[in-house]
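In: sequence and predicted structure are below.
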Amino acid sequence: MLTLAWSSLLLAVVTGGAWLVIVGSQMSGMPLAGVVQSGVVKIVLTQTRFGVAWLIRAALLVVLAGCLALQSRTRRQVTGWIGLLAAAAFIATLAWAGHGAATEQVPFDALHLPADILHLLATGAWLGALLPLAIMLSAVGREGSPDEVAVAQAATLRFSTIALASVGTLLVTGIVNAWFLSGSIPALLGTQYGQLLLVKVLLFATMIAVASRNRRRFIPALTAAASDAAVRLRAVRQLKSNVSIEASIGILVLAIVGTMGILPPGLHTEPRWPLPFQVDLSEIATRVQPVLDGIAIAIVLCLVAVAFAAQKRRHRVLAASVVGLVVFSGIGLVVIRPAIVRAYPTTYFASTQPYSAPSVARGAPLFSANCVVCHGAGGRGDGPMAAKLPVRPADLTGPHLFAHKIGDIFWWVSYGSDNRVMPGFANTLTPDQRWDLINFVLARTAGLLMAKAGSQITSTAAPPLPDFAYEQNGAQNTLSQTLKSGPVLIVLFAAQPPRARLQQLASLQPRLASAGLHIVAVGLGPRVSSAPLIATVSDDVRATLALFRSGTDGGETELMLDRNASVRARWTASGSGGLADDPTLLADAVRVASIPVAAANHAGHAH
């Protein structure tokens, strides 16, 4: 066993050194030979978190080498315990070079890194003991003396205890890590990282199955008092064979984990959906949701019953459970059928261009150059070519636009519609240009829909206002940053500022600020004279915000935004009720501030 330990230590030294040089090459962009000669390695070791972790691991290897040297001479237990702690620390510090240490979401990082450490320790305890156990059982299988069988019995029972604890830890921490790194079905099925994770899970399940067979059949035969020597020896040989299989699978798992370590996590990669369909539960009526929840619970109970009956070999219960599983699964398929809709490889893509004024402004001329001929200048499907087409072009001004996934729209813009009438623009527009075009279409449609919004606060779903940068009172800011601290009242006006209204809002501002409301006034004309609350913006911002103002608004439109940038109320100078008075603004500001912020999209970057 000491030979195996020294070999493992030497392998750790060689691979650790190679790892350092490769990371230095990746960070500097230099070839491997140049990294060693140019001093990049020193910079990596002294100025990066990876380098600090590497130095700590190198020191732990020195401690391990000393413990092995002393152990080979003295065989003292204290040396073994020190070596065990050093080995555990060596494994745990690997977490600081992995994805767990890079988590930036508070308070989630307090959970991810410890889970990563426990996952590594459990892996080391289980897989690290498998190979020595296989070697020992192989030796016992050749000789088969009663004393050796007794040693094998004791070692196997101890390993079984370690394996049980390790498997439980791996299951819990594996779920945590999978959530942080591939926390969605698209990320699992549509990215290389997620696909490797699924293979790893499959191999892990195979290892559990082999270990479970050992625990059910061969360990009892090895430990039963009634078993004769021949039975015990056969159990040892079978255990040796199964443990060797388990160790081989474990080595393959480690190879997969090593490959995953150099890949970006699934949540940081655009998932290419591999299936021609998707399950969209929003397509199911609300009244059917409780039925679907009940079916899901019944299926889980049937699965538990199947596992219990198979374990206890109760064939009647097993048969009944299988029948129930089939029946409830069939009912579930019928209920969920409306939710099974068409999907595309880009269905779960997120926009590479933020939904902001610069992107919208870049998309406007792209729409004019490529889309007006069919969809029309207003996007209503009435372009010059519309009458000649077998299928009328889609009306891009209706609320249905926001019912589609952004990735579906990207697919249609890139490769054409399902009816083969709309052409694709993948060969004429870059991906970023296609996203800009989509952002313009969405912003224009949002502006048209907001023109129908009333003066009463509503909590129904509403499209957001694009983000934009502005300067107010000498300070630079953006709408998204401002919304983090509370709702915003956007005041849009033509060339001449409504001074009386702005003075009224300025005097009310301290009371509105106490309710968390910010006021940003933007003039949409080429030149705007100074007045209270007016923000300075670029031409792109003025052009974008003009989409959210009507020419018949009497010269002024006011939009109350919640912290999601969604318009919750709209007032115009020419409206029936006019602009909101002071009590209304104060009351509405409090109500809008209570609307919760939408949860961050954990399955990728939200549009």
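Out: Ah, there it is. Numbers count the residues shown, from 1 in each chain.
In: so D432 makes contact with P354?
Out: No: using C-beta atoms under 8 Å, D432 is not in contact with P354; the gap is 11.1 Å. Bear in mind the C-beta positions are built from the backbone N, C-alpha and C, glycine included.
In: can you check the pLDDT for G604?
Out: Looking at G604, its pLDDT reads 43.
In: next SSE downstream of the helix or strand hosting I297?
Out: Applying DSSP states H and E as the criterion places I297 in helix 289-312. Once the chain leaves helix 289-312, the next helix or strand it forms, by DSSP H and E, is helix 315-336.
In: tell me the angle that next one makes with helix 289-312.
Out: In terms of direction (axes from the mean of the first three to the mean of the last three C-alpha atoms, to 10 degrees), helix 315-336 departs from helix 289-312 by 160 degrees.
In: average the pLDDT values over the helix or strand following helix 315-336 and round to the nearest integer.
Out: Heading C-terminal from helix 315-336, the first helix or strand you meet, by DSSP H and E, is strand 340-342. For strand 340-342, the mean pLDDT works out to 90.
In: strand 340-342 pairs with which strands?
Out: Strand pairing for strand 340-342, using DSSP bridges, gives strand 277-279 (antiparallel).
In: chain center to the partner strand: distance?
Out: 19 Å (C-alpha atoms, centre = their mean, to the nearest Å).
In: what's the answer for stretch 185-192, then?
Out: The answer for stretch 185-192 is 10 Å, by C-alpha atoms, centre = their mean.
In: averaged pLDDT, it. What do you get?
Out: Stretch 185-192 comes out at a mean pLDDT of 91.
In: for it, list every residue counted as buried.
Out: Using 16 or more other C-beta atoms under 10 Å as the test for burial, stretch 185-192 gives I185, P186, A187, L188, L189, G190, T191.
In: contacts for it?
Out: Residues from elsewhere that reach stretch 185-192 (C-beta atoms under 8 Å, 6 or more residues apart in numbering): 178, 182, 193-195, 197-198, 263, 265-267, 269-275, 347-348, 603-604.
In: alpha carbons only: can I get that stretch in CSV?
Out: Taking C-alpha atoms only, stretch 185-192 is exported to CSV below (Å, rounded to 0.1, in the frame of the first residue of the first chain):
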residue,chain,number,x,y,z
ILE,A,185,-33.1,21.1,-18.1
PRO,A,186,-31.9,23.1,-21.1
ALA,A,187,-28.4,23.5,-19.5
LEU,A,188,-28.3,19.8,-18.8
LEU,A,189,-29.4,18.6,-22.3
GLY,A,190,-28.1,21.4,-24.5
THR,A,191,-24.6,22.1,-23.3
GLN,A,192,-21.5,19.9,-23.4
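In: just to revisit the earlier point, any of the contacts of stretch 185-192 buried? List them.
Out: 178, 182, 193-195, 197, 263, 265-267, 269-273, 347-348, 603-604.
In: hang on, the earlier thing: show me which of the buried residues of stretch 185-192 is closest to I299.
Out: I185 (17.3 Å; C-beta to C-beta).
In: quick check: closest non-adjacent residue to A58.
Out: Spatial nearest neighbour of A58, excluding adjacent residues (C-beta to C-beta, 6 or more residues apart in numbering): G16 at 6.9 Å.
In: measure how buried that neighbour is and give me the count.
Out: 14 (other C-beta atoms under 10 Å).
In: now name the helix or strand holding it.
Out: helix 2-28.
In: V541 now?
Out: Going by DSSP H and E, V541 is part of helix 539-545.
In: list the buried residues for that helix?
Out: Neighbour-count burial for helix 539-545 [16+ other C-beta under 10 Å]: D540, V541, R542, T544, L545.
In: likewise stretch 153-162?
Out: Applying 16+ other C-beta under 10 Å to stretch 153-162 flags Q153, A155, T156, F159, S160 as buried.
In: that older thread, and the helix holding G16, what other elements does it pack with?
Out: Where contact means 3 or more C-beta pairs under 8 Å, 6 or more residues apart in numbering; DSSP states H and E, helix 2-28 is packed against helix 32-38, helix 40-47, helix 49-74, helix 109-143.
In: for those helices, which one sits closest to R234?
Out: Short answer: helix 109-143, nearest of those by C-beta to C-beta, at 9.4 Å.
In: which of the residues in stretch 563-578 are buried?
Out: R563, N564, A565, S566, V567, R568, A569, R570, W571, T572, G575.
In: make a markdown table out of those residues and add distance to V592.
Out: Shown next, in a markdown table, are the buried residues of stretch 563-578 (distance: C-beta to C-beta, whole Å):
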| residue | distance to V592 |
| --- | --- |
| R563 | 8 |
| N564 | 10 |
| A565 | 12 |
| S566 | 10 |
| V567 | 10 |
| R568 | 5 |
| A569 | 8 |
| R570 | 12 |
| W571 | 13 |
| T572 | 18 |
| G575 | 19 |
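In: and which of those residues is nearest A309?
Out: Distances from A309 to the buried residues of stretch 563-578, taken by C-beta to C-beta, are shortest for N564, at 49.0 Å.
In: re earlier: residue contacts, the residue nearest to A58?
Out: Here G16 is in contact with W54, R57, A58, L61 (C-beta under 8 Å, 6+ apart).
In: so for the second one, what pLDDT did the model give?
Out: Spelled out, that is R57. So R57 comes in at 91 (pLDDT).
In: and the one 5 residues further on, by the same measure?
Out: If you check V62, the pLDDT there is 93.
In: ditto for the one 5 residues further on
Out: In the predicted model, C67 carries a pLDDT score of 89.
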